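Q: need a 3D model of the following:
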Amino acid sequence: MRVPMKNFPLLATLAFLICCSPAVDSVNRERFGDFKLCDNGLVYDSATMVKLKKVIDSLHLRCETSPPKQFRSLEQGYGDYIDTFADSAEAFEVMAHPMTIEKLQKMFPSAKVLRNVWIAKERMNLFGEKTIRYASNIAPAWLRVPDVAIHDRSTGWVFSYHYPFLRGIYLKKLTSMQIPVEYATLIRYVDCMIDTTTTIFSPADTPRLDAIPDSLSKIKEYVDLVSDFEPAPEETKESADEEERRRRWDAYAAAVEGWYNRRLAALDRKMQDPVNMKLLDDAVAEAITHRHDFYLDEYAVRYLSPERALSLERSSRPFRTCGADMWPTRYTREICKLAVRANQWEIFLRAHLDVMNDHFYQYEPSDTSTRRKTYVRELDQMGVNSMKLSIGACLSSRDVNIDHYQGSTAVMARGLTESANQTSAVTLLLAMIEDKRLDLYNRTAMAQLLIFYNRESMKTPAYQRNLEGVNRAIATLPEMVQKSLTAKMTEQL
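A: Numbers count the residues shown, from 1 in each chain. Prediction:
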């Protein structure tokens, strides 16, 4: 593994070496990963928690005094789904002259076809692009299309084509129904806590730059200033012996850490010069207007105002490369801390929920479930009703803002295991699954949330009792849903 030390951030160098090393040391991973706790046992110190509690109290007051809002379910109903390979001519022929699902099966004999699956239509903001998603939450049937009139349908064919993949759903009839008021309040609670007009990251409307062009002279000049230091330690040599390899990696990590501290101390002295401070500020201005991989964030946080550093961090979205890569989580937690210092509470809450919900660009999910799991404890201590937030974020409605915070049932279930209201959560979820006044898509989502919660609680005394409750509740759902959920439960055993 060769690390490009010159342009690599100091902190990211350590995180990369420690967290992605095959001989990773658990103590070092705690030091450089995303689980460092303050003296109060939380990820934010006591003074910050006092500030946050006051903010949450004000949000609760606003929620209690604002008029109630009604929500309708997503439009949903039965549909037929096809997923196949097609060349451009075939795809455009199919989309221009739609045919029956039977004829499509004859035209594409190897296609995956699912008949009479339950489909819902959902609008979303997919990384800055307004999108319509047609999908089932009980079967592998989905497609995404731009949110334009030609794709906004309740009956008939909807197609998505990205060479060579052709997907289509024949919608038999999508309808919407009123969400009962007691469940609508859960959706409203999410919107009260998390501002739907706020996003963490700027829209991805500029190209990402992998090298520093000459036009961005201030960035290049500042990177050269930072890099003007003694060479980094030589990379450790591989060893066939596991114990020796671990010993070498630990020694190498210690050497890099020492080099990092010396380099940072030298930079601190350089930054006492106002000329260098101005250079950094100018470099940050260039980086904010270009999606970047120039790693100025660490220096902006250390030397500039919280507002300035936050603007830079929000200008480029991190992504996860492996399950042990904690950089996106660290990055977003840094946004949380900067947002607190800059008094930008809407940014803080959404960023904290992203950390809790593992909501990042990623090739693989993180391995947080083996350690601290989530940050629900912090939410409870702030005064947030984590049960209402977790369940409400897993409910879907067509009447929410496009930037409404939507949670993952699998990860929100993890959060419920750390919630202070677990018994009440289970009781409410069982009632929602059985309640035929609630639409089928949301009843299924609540069943999935409870199944995932029960999996996370497998070693607790309540597991068997909860399992019996889940089985009784699932029996009230249509047979096709029962089969899907039962299979999901069997996979978890």
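
Q: tell me the mean pLDDT over stretch 165-185?
A: Stretch 165-185 carries an average pLDDT of 97.

Q: let's see that stretch as PDB, backbone CA atoms only.
A: Extracted C-alpha coordinates of stretch 165-185, given in PDB (Å, rounded to 0.1, in the frame of the first residue of the first chain):
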ATOM      1  CA  PHE A 165     -29.900  -2.400 -18.500                       C
ATOM      2  CA  LEU A 166     -33.600  -2.100 -19.200                       C
ATOM      3  CA  ARG A 167     -36.100  -2.000 -16.400                       C
ATOM      4  CA  GLY A 168     -39.800  -1.600 -16.600                       C
ATOM      5  CA  ILE A 169     -42.900  -1.600 -14.300                       C
ATOM      6  CA  TYR A 170     -46.400  -2.000 -15.600                       C
ATOM      7  CA  LEU A 171     -48.600  -0.200 -13.000                       C
ATOM      8  CA  LYS A 172     -52.100  -1.600 -12.700                       C
ATOM      9  CA  LYS A 173     -53.400   1.300 -10.500                       C
ATOM     10  CA  LEU A 174     -51.600   3.300  -7.800                       C
ATOM     11  CA  THR A 175     -53.800   4.900  -5.200                       C
ATOM     12  CA  SER A 176     -53.100   6.800  -1.900                       C
ATOM     13  CA  MET A 177     -54.900   6.800   1.400                       C
ATOM     14  CA  GLN A 178     -55.000   9.000   4.500                       C
ATOM     15  CA  ILE A 179     -52.400   8.100   7.200                       C
ATOM     16  CA  PRO A 180     -54.100   7.900  10.600                       C
ATOM     17  CA  VAL A 181     -53.500  11.000  12.700                       C
ATOM     18  CA  GLU A 182     -51.600   9.100  15.500                       C
ATOM     19  CA  TYR A 183     -49.100   7.900  12.900                       C
ATOM     20  CA  ALA A 184     -49.000  11.200  11.000                       C
ATOM     21  CA  THR A 185     -47.800  12.900  14.200                       C
END
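
Q: shouldn't Ile169 be within a strand?
A: Yes. According to DSSP: H, G, I helix; E, B strand; the rest coil, Ile169 belongs to a strand.

Q: may I see the buried residues of the longest helix along the chain?
A: The longest helix of the chain (DSSP state H) is helix 242-270. Residues of helix 242-270 classed as buried: 245-246, 248-250, 252-253, 256-257, 259-260, 263-264, 267 (neighbour count, 16 or more other Cβ atoms under 10 Å). Yep, even glycine has a C-beta here, placed from its N, CA and C like the rest.

Q: can you pull the contacts of Val376?
A: Met356, Ser386, Ser390, Gly415, Leu416, Glu418, Ser419 (Cβ atoms under 8 Å, 6 or more residues apart in numbering).

Q: ranking those residues by neighbours, who comes first?
A: Ser390 (32 neighbours; other Cβ atoms under 10 Å).

Q: backbone dihedrals for that one, please?
A: The phi/psi pair for Ser390 (degrees, to the nearest 10) reads phi -70, psi -40.

Q: one more: Phe85?
A: Torsion angles at Phe85 (phi, psi; degrees, to the nearest 10) stand at phi -90, psi 140.

Q: for Asp147, give me its contacts.
A: Asp147 touches Arg123, Lys130, Thr131, Ile132, counting by Cβ under 8 Å, 6+ apart.

Q: not counting its neighbours along the chain, what's nearest the second one?
A: The one in question is Lys130. Once flanking residues are discounted, Lys130 sits nearest to Asp147: 4.0 Å by Cβ to Cβ, 6 or more residues apart in numbering.

Q: per-residue pLDDT of that neighbour, please?
A: Predicted confidence (pLDDT) for Asp147: 95.

Q: and Glu182, how many neighbours does it have?
A: Considering only other Cβ under 10 Å, Glu182 is surrounded by 13 other residues.

Q: got a list of contacts for the helix or strand hosting it?
A: According to DSSP states H and E, Glu182 maps onto helix 181-193. Residues from elsewhere that reach helix 181-193 (Cβ under 8 Å, 6+ apart): 56, 59-60, 62-63, 66, 68-71, 179, 349, 384-385, 388-389, 391-393, 395, 397, 400-401, 404-405, 432, 438, 442.

Q: mind doing that once more with 7 Å?
A: Under the contact criterion Cβ atoms under 7 Å, 6 or more residues apart in numbering, helix 181-193 has outside partners 59, 62-63, 69-71, 349, 384-385, 388-389, 391-393, 395, 397, 400, 404-405, 432, 438.

Q: then stretch 459-469?
A: By Cβ under 7 Å, 6+ apart, the list of residues contacting stretch 459-469 reads Val426, Leu430, Asn454, Ser457.
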